[in-house]
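Visitor: quick one, what's the 3D model for this:
(2 chains, ligands or ions: 1)
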Amino acid sequence: MDHLYIVSYDISNAKRWRQLFKTMHGYGEWLQLSVFQCRLGRRRMIEMEAAIGDIVHHREDHVLILDLGPAENVKPHVHSIGKAFEPVRREAVIV
Amino acid sequence: MAENPDLPFIPARMLNEYVYCPRLGYLMWVQGEFAHSADTVDGKLKHRRVDKESRQRLPEAPDDEETIHARSVGLSSALLGITAKIDLVEGEGEVVRPVDYKRGKRPHVAGGVYAPERVQLCAQGLLLREHGFQVDEGFIYFVESRERVGVPFNGELIDETLAAIDGFRESASIGEIPPPLEDSPKCPRCSLVGICLPDEVRFLSHAGTEPRPIYPHTENGLPLYVQSPRAYVRKAGDTLVVEVEKEKVAAARYGETSQVVLFGNSSLTTPALHECLAREIPVTWLSYGGWFMGHTVGTGHRNVETRTVQYRASFDEEACLKLARRLVAGKIANSRTLLKRNWKGNVEEISPTLDALRRDLRNAFRMRTLDTLLGIEGTAAGRYFENFSGMFKRDENEKIPFDLTTRNRRPPRDPVNAMLSFAYAMLTREWTVTLAAVGLDPYRGFYHQARFGRPALSLDMMEPFRPLIADSTVLMAINNGEVQPDDFIHAAGSCNLSEKGRRSFIAAFERRMSQEVTHPIFRYRISYRRLFEVQARLLVRFLLGEIPNFPVFVTR
Ligand code: SF4
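Guide: Coordinates of the predicted model:
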């Protein structure tokens, strides 16, 4: 069952920041500066955690993964001021 | 001990799987099946990190010549018929101990280690003994809790290990897959549950209990369709980026992509293709009009047994006829249901047709040859398409935006025929990808005869789904106004969807594929996309003789 996650990170080193930024695109949508929105199943979540763990420095950096709950049929309680918050959907990409 | 000398050595880690569940061992080792689950991904990632970390803690070079400390030791024995790669061998002189790394914490069971791990370790010990060492015990190192648990190699464990080797060799050499476990808590966590279909097979082979909905909920991705003629797909990190005239128009994450579908002359770079192959994402190539031209997959499926039973059955007339009857009957039944449910006029108008279709359906089961069966199918299709327009929504003037008088193809001459042809092409592609993914050969069928370049088995398998997926997508697209008369291009007597029309139509098709239905036999809810896979796997189970009949999917 997919869950919706917000991943936010605080990385002290510019190189690692870029590396994580690039990697995170493989797991979710870029929301704001150091914030991503991801929709993941258990297996993908484990993969993402491992990928993040490989990049960050465990004493200097800090990554938060917030679980907003099951992605299907649940409206996350998010207050968004300014632009609207749209939960990532899972659908086929058609170009 | 070894009754079949041609049998390769059993790897000790496969012995582990066999002791966990004999069927799992067979699927993995004999049939070469593999699938990742959350647990196996976790295991792989943990093991990788341990290798890195432990290297710092445990010195590689022994300081004393007498001390043995060897990593990744590969050993085999013709006598035992097994082989192993041992994580670590340590000891002094002739006395050594194998050490095996396991993810997770030490389990709270007697002895601190589960039976499969104990047997695997003991097999490693027996191999070391074969090679002249004295081995009385081994250790399992639990990565997460950083604990070493000792396992003494007593007579009981050795007997158990030898019995497992014998049992495994036996079923591998006679080629008989062990039955699934009965209602076991192991199955929901088993990475091969979707291939094994334990509850489904039990249920269909002898009235077991209703299948648990384990399979429908495993994770999978969605397709990426590229149909814009100037599109260019390249790899950017872990994503596929689609550009049109140097401008990024879309992106799809590799980890969430199930297949890449390319129309016409849209292109894909070699690095992007390599990544698809590495991740086992099939790439299908279609003509501009959506005709299936072929697909690119990695080295192909390893399960030879599956293809062998498929070919064998395909040369057996009785077996072909048996399957063909069910497929045709399924198609007629589903067409009838669609017509009944979506009929917009009076019930009386359509009931003679529904009755006639029911007769056709019964007749299909009586046919003795593929030719006469084809005749019945044609008659039923005629009745059905004559009434197809009766399922279109009417406006206030009782008008419909499109009409269908006759079914025509190559080329389709009107919008409805254009959509039907396109939908069937999509369905053929979907089935070809699914069948290839489960290890079947899409080009060798039972009902449709092999003809050059025609994926006969895909055509067979899609029969019951023509009304359910293709026709109903056409209905949906028309009745919801998702395609309009100006979404078509007419040229020289033929009619085709425009680029924009095709995009909306593909979206409708995908929505249909994601829709969930209650499985009429298993009772759980499942998306059509998943269902295709289940049907393909059940065909394999049928061909292997594990279930007496192939259950064609028929909606209520
Ligand atoms: S699903 Fe169950 S029966 Fe099938 S291989 Fe896995 S553990 Fe064995």
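Visitor: tell me where the stretch 451-556 of chain B has helices.
Guide: Assigned by DSSP state H, counting those that start in this stretch, the stretch 451-556 of chain B shows helices spanning B:456-462, B:465, B:472-479, B:499-514, B:528-543.
Visitor: would you turn those into CSV with mean neighbour count, mean pLDDT and distance to A:Glu72?
Guide: Just so you know, the C-beta spots here come from the backbone N, C-alpha and C atoms, and that holds for glycine as well. Formatted as CSV, the helices of the stretch 451-556 of chain B follow (neighbours: other Cβ atoms under 10 Å in any protein chain shown; pLDDT from 0 to 100; distance: least, Cβ to Cβ, whole Å):
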stretch, mean neighbour count, mean pLDDT, distance to A:Glu72
helix B:456-462, 24, 93, 28
helix B:465, 23, 96, 24
helix B:472-479, 22, 92, 21
helix B:499-514, 20, 91, 11
helix B:528-543, 22, 92, 15
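Visitor: between these, which one is nearest to the ligand?
Guide: Of all these, it is helix B:528-543 that lies closest to the ligand, at 11.5 Å by Cβ to the nearest ligand atom.
Visitor: and the ligand, is the closest one touching that?
Guide: No. Shown here: helix B:528-543 not in contact with the ligand (Cβ under 6 Å from any ligand atom), separated by at least 11.5 Å.
Visitor: so what pairs up with B:Phe263 in the strands?
Guide: Under DSSP bridges, the beta-bridge partners of B:Phe263 are B:Leu286.
Visitor: check contacts around it.
Guide: Going by Cβ atoms under 8 Å, 6 or more residues apart in numbering or on different chains, B:Phe263 touches B:Tyr225, B:Val226, B:Gln227, B:Pro229, B:Leu286, B:Ser287, B:Tyr288, B:Gly290.
Visitor: now B:Arg525
Guide: Listed by Cβ under 8 Å, 6+ apart, the contact set of B:Arg525 reads B:Pro213, B:Pro216, B:Glu516, B:Val517, B:Thr518, B:His519.
Visitor: my guess is the fourth one meets B:Leu531, correct?
Guide: Yes. With contact defined as Cβ atoms under 8 Å, B:Val517 counts as touching B:Leu531 (7.1 Å).
Visitor: can you pull the phi/psi pair for B:Pro223?
Guide: The phi/psi pair for B:Pro223 (degrees, to the nearest 10) reads phi -80, psi 160.
Visitor: ah, wrong one, I meant B:Leu157
Guide: Torsion angles, degrees, to the nearest 10, at B:Leu157: phi -70, psi -40.
Visitor: what's the burial count for the nearest residue to it once chain neighbours are set aside?
Guide: Leaving out its chain neighbours, the residue that sits closest to B:Leu157 by Cβ to Cβ, 6 or more residues apart in numbering or on different chains is B:Cys122, at 5.0 Å. Neighbour count of B:Cys122, defined by other Cβ atoms under 10 Å in any protein chain shown: 27.
Visitor: now do the same contact list for B:Cys122.
Guide: Going by Cβ under 8 Å, 6+ apart, B:Cys122 touches B:Gly138, B:Val151, B:Phe153, B:Leu157, B:Ile158, B:Glu160, B:Thr161.
Visitor: so which of the helices of the stretch 451-556 of chain B gets nearest B:Arg106?
Guide: With Cβ to Cβ, the closest approach to B:Arg106 among these belongs to helix B:528-543: 35.8 Å.
Visitor: so is that closest one next to chain A?
Guide: No. Helix B:528-543 is not in contact with chain A by Cβ under 8 Å from any Cβ of the partner chain; minimum separation 9.9 Å.
Visitor: identify the residues contacting that helix?
Guide: Counting by Cβ under 8 Å, 6+ apart, B:194-195, B:197, B:200-201, B:204, B:215-216, B:220, B:306, B:309-310, B:313, B:430-431, B:434-435, B:437-440, B:461, B:465, B:468-469, B:512-515, B:517, B:519, B:526, B:547, B:549-551, B:553 sit against helix B:528-543.
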